[in-house]
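# Sequence below, structure please.
(chains A and B)
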Amino acid sequence: MRKKLLENLIDVGLCLGALGVATGLAFGLDGLGLRPENLLLIFLLAILAVTIVTKKIYYPLACSVASVLNFNFFFTEPRLSFMIDDPNYYISLVIFFVVSAVIFTITSFTRKETQRRRGNERKLESLNNFSKELLQHSSINEVFQELQKELDRYFGDGRCFVQSIGNEIPFGRAEPLSPVLSKACLFATKENRSAGKGTLNFSNISYFVYPFSGENKAYGVVGIDLLKQKEMKNDEVSFISSLCQIASSTIDKDEVRAEKERVYLEVENEKFKTALLRSLSHDIKTPLTALQTGSGFLFESYATLDDASKRDIIGNISKETIRLSDFVDNLLALTRTTSATKSIPMKKELVDDLLADSSSGFKNRLGLHQLTIESPKEPLYVFCNGKLIIQVLRNLISNALAHTRNDASVKVSVGPKDDQVFFFVEDNGGGLSEEAKKDLFKDFSTFASEKKDRYQGNGLGLSICASIVKAHNGTIEGHNNENGGATFSFSLPLSGMRK
Amino acid sequence: MNEKILVVEDDHVISHFLDLVLRSKGYVPLVSETGFQALGLFISETPSLVLLDLGLPDLDGMEVLARLRESSKGTPIIIVSAREKEDEKVAALDHGADDYLTKPFNVGELLARIRVALRHRPFPDEEQPFSYRQLKVDFAKRVVLLGEEEVHLTPIEFKLLSVLIENQGKVLTHKFLQEKIWGYETSDDYQSLRVFMASLRKKIAPPTDESYILTEIGVGYRFRED
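Got it, this is the predicted structure:
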């Protein structure tokens, strides 16, 4: 209220000032002997100035009346009276009135136009800003939050809320909406049209609520407190509608993408499962056959067999169970690496620990083989899932033992290079054939889908190694070395060294 | 001997097999297929040792473990389970289990663990030097020999070795060792402990034999036992 009074006082001051300056100037020019008609133009200038700087219609109007009286009083004969001798002045004064009215009309029109343009610019800027923000946020909640922020920025803090369907507390509010406001929101989403103050429904509340929805479903409602405003202006409604459209299309896009991804994953998973099951049953059959025939034979002919044969059969059974148990370890490793939803838990592990754990338990399988472990001189840490990396090392070691001459030696060593740690499993027992080299780390599901029976025994082992190392952002490879054997190596990112 | 062993295992084949094996070794097995029955037997029969499966039909194995520990602090409990995740092992060990064996297991291994758990040997024995394969430890003189050569250990390494030997055959979690050696917990994944252990393992590594210290990644360490 006081602010308004002050504004009015300033405007009145401006008018008086302009008139005063004009009158002063007129006196000066009059003194120089200029014709009084010219002085009228000076007053015209003053009115133009008042039209531009003040906001209300009646200031320039009052000024033109005052100017006419002023001119009449001071500058027409007889001076210092409101009498006019020369009838020409009547015409001059009428023209003066008309001209000032025209000036006033044109100026106020342009002013309105500028205001409108400024408002549009603000809206455009806001829309632009909003779509830019949404490039970085795509989850539903983020979109709602950004929408609320943008509305607040435009209409003023605290006036707006964004209620998403299913959320109790709307964005921009600390508490749930009042019951009547909630009802209005519900009505708006159901009927898909605006409600609240200035509309046909719920016109008794102070809010204007506007629903927004995507292609297939409603997402929520925005509400703006109109305060003293009687209704939401048309251009503002279309602005709100544009904001909502941007928001809902962003959510739509996100939902479509998520759905596509889900379907894709499902299909891939299905493919994977089929391939896996096929190759697994194949892998289980071999040791199972040995177990079945061995134990069956032992059971049937226990009395007739000599001790040496019995021992031999039992020894084989026990070997096959180790193979099965290795196989189960690999299966477990596989389930840890392939669950698409969960990432593999990793920790900082000491390389020494990894080597020590992975090399134990091979003693009974060595025979004439030699297995040496060279642990690094410095403590090295790698960031990994210890259990899985041990599985890789164990697979590589048992492969080396299984596929080499029975007196070959196998060496496991480690070396840091740049920001990687390289693990090596080397042997001197024959090396890889050209045929074997081609398919070393081939994804076992590819193997399975080719339905080839040459995929035997540890086909699963190497491809599991590859998928584990890949999951650690490392690389794995195998080649023939200078010692007449094969070298397998894989790298893991180094996560620290300690002197 | 005739020590009673409570076998808590709900799979018939395995419990039958365990019954057979234990009987053949002179133990008296008491087989229970549910957690509640096991708790009853534990109180009425006071067995010398418990073999506990974690996957039981009525009670969760961890719950059974907690209740067994409530009624007796001293009776050794060995977990025999198909649960192979490291954190589950660590949780069981840190909640009072003496040892942990994952299925499928080797009978020899199981019997060794039972022997270790039943052994009441006061270690380290200041009077009695410890000797295992090529390793000799004289606790009174603080001398460690590998073959004929003397091995120089730092005080912490010596303490680590003593704790491992004292619990020979039992797996010791990182947490247990950390508290035993330093007396406080750390939040750095036991990095110091691991580095000391790596160094100790290297120093007492026999040139032509497997390491005497066994490592279980994510769980802890164990001193080898034949």
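# buried residues in stretch A:216-229?
Buried positions in stretch A:216-229, judged by neighbour count with 16 or more other CB atoms under 10 Å in any protein chain shown: A:218-226. C-beta coordinates here come from the backbone N, C-alpha and C atoms, glycine included.
# Tell me where the stretch 201-350 of chain A has strands.
Assigned by DSSP state E, counting those that start in this stretch, the strands in the stretch 201-350 of chain A fall at A:207-213, A:218-225, A:347-350.
# meant to ask about chain B
Along chain B, the segments classed as strands by DSSP state E run B:4-8, B:28-32, B:49-52, B:77-81, B:99-102, B:130-132, B:135-138, B:143-146, B:149-151, B:171-173, B:213-216, B:220-223.
# what's the spacing between the closest residue to residue A:123 other than its chain neighbours and chain B?
When the adjacent residues along the chain are set aside, residue A:123 lies closest to residue A:239, with 4.6 Å between them (CB to CB, 6 or more residues apart in numbering or on different chains). The gap separating residue A:239 from chain B is 53 Å, by CB to the nearest CB, to the nearest Å.
# The lengthiest strand in chain A and chain B, are they touching?
Counting residues, the longest strand found in chain A (DSSP E) is strand A:486-497. No: using CB under 8 Å from any CB of the partner chain, strand A:486-497 stays clear of chain B, with a minimum separation of 8.8 Å.
# Tell me the buried residues in that strand?
Residues A:486-492, A:494-495 are the ones in strand A:486-497 that count as buried (16+ other CB under 10 Å).
# Also stretch A:83-99?
Residues of stretch A:83-99 classed as buried by neighbour count (16+ other CB under 10 Å): A:89, A:92-93, A:96, A:99.
# ok, residues contacting it?
A:36-37, A:40, A:43-44, A:64, A:67-68, A:71-72, A:76-78 (CB atoms under 8 Å, 6 or more residues apart in numbering or on different chains).
# Return the residues of chain B in contact with chain A.
Neighbours of chain A within chain B, by CB under 8 Å from any CB: B:84, B:86, B:104, B:189, B:191, B:194-195, B:197-198, B:201-202, B:210-211, B:213-218.
# can you list the residues of the stretch 301-450 of chain A near chain B?
Contact residues, the stretch 301-450 of chain A versus chain B (CB under 8 Å from any CB): A:321, A:325, A:328, A:332, A:347-350, A:352-354, A:356-357, A:360, A:363, A:375, A:379, A:381, A:386-387, A:390.
# need the contact list for residue 198.
Unless you meant another one, I'm taking chain A. Residue A:198 is in contact with A:208, A:226, A:230-232, counting by CB under 8 Å, 6+ apart.
# think we crossed wires, I meant chain B
Shown in contact with residue B:198 (CB under 8 Å, 6+ apart): A:350, A:352-353, A:356, A:375, A:379.
# let's see 10 Å
A:350-353, A:355-356, A:375-376, A:379-380, B:213, B:215 (CB atoms under 10 Å, 6 or more residues apart in numbering or on different chains).
# Between the buried residues of strand A:486-497, which sits nearest chain B?
Closest approach to chain B among those (CB to the nearest CB): residue A:495, at 10.9 Å.
# That'll do, ta.
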